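# no sequence on this one, just coordinates:
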């Protein structure tokens, strides 16, 4: 197979994954936007976490909230739990890697806050611990997963939401997660700061 054919295959697989995901997830995406709008409108914040590429997505999303997405508006309360190297290394060293997010959630989360929990497998132990901590703090959870949703899908409360990429392939899941995040950003802006 030539490089051109491989590249064409990646594009086609990405398009097909996004089309399948849209067919199964549109109502959940709308509900997730409404959930996030409610949290931000009430003066609460969104905490985001994930590992590897999902850590980058958490950071990307928090930046879109606090700075802006595609329109001028006041900053919104978003914080990535993946970016403070002193906290991450202290918690990892003194406790365990599994607690690098949950200890931050315990310190920062308040009732009514929202955890954006990103895991392509749905089985990331430290993301699971963060969800448990957010539940204990009285906040909600929006999980971005893939495959079968993993352990995370099974532990969500009825008031929580899951956006699941319709693919078993990590790269396709991550590509869909980025689209989910951009839909969330656009939807939040459209509801809170509609263009006149």
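Looks like it arrived, so ask away. Model, not experiment: these values are computed from the prediction.

# contacts only, for residue 180.
When contacts are counted by C-beta atoms under 8 Å, 6 or more residues apart in numbering, residue 180 touches 29, 32, 144, 163, 165. The way it works is simple: take the backbone N, C-alpha and C, and place the C-beta from them, glycine included.

# which of those sit farthest apart?
Greatest spatial distance among the contacts of residue 180 (C-beta to C-beta): 32 and 165, at 13.6 Å.

# neighbour count: these two, which is higher?
The residue with more neighbours, out of residue 32 and residue 165, is residue 165; 27 against 24, by other C-beta atoms under 10 Å.

# what helix or strand is the residue nearest to the more buried one when sequence neighbours are not counted located in?
The shortest distance from residue 165 to any non-neighbouring residue, by C-beta to C-beta, 6 or more residues apart in numbering, is to residue 176 (3.7 Å). Per DSSP states H and E: residue 176 is located in helix 170-192.

# show me what counts as buried in that helix.
For helix 170-192, a neighbour-count test (16 or more other C-beta atoms under 10 Å) marks 170, 172-181, 183-185, 187-189 as buried.

# cool, stretch 142-150 as well?
Applying 16+ other C-beta under 10 Å to stretch 142-150 flags 142-147, 149-150 as buried.

# what does it rub up against?
By C-beta under 8 Å, 6+ apart, stretch 142-150 touches 32, 35-36, 50, 54, 57, 114-123, 131, 152-153, 156, 160-165, 167-168, 170, 172-173, 176-177, 180-181.

# what is the mean pLDDT for that stretch?
The average pLDDT within stretch 142-150 is 98.

# likewise stretch 184-192?
For stretch 184-192, the mean per-residue pLDDT is 98.

# wait, residue 123 sits on residue 154?
No. The criterion here is C-beta atoms under 8 Å, and residue 123 misses it with residue 154 at 10.3 Å.

# compare those two (neighbour count), which wins?
residue 123 (16 against 9).

# show the contacting residues for that one.
Counting by C-beta under 8 Å, 6+ apart, residue 123 makes contact with 150-152.
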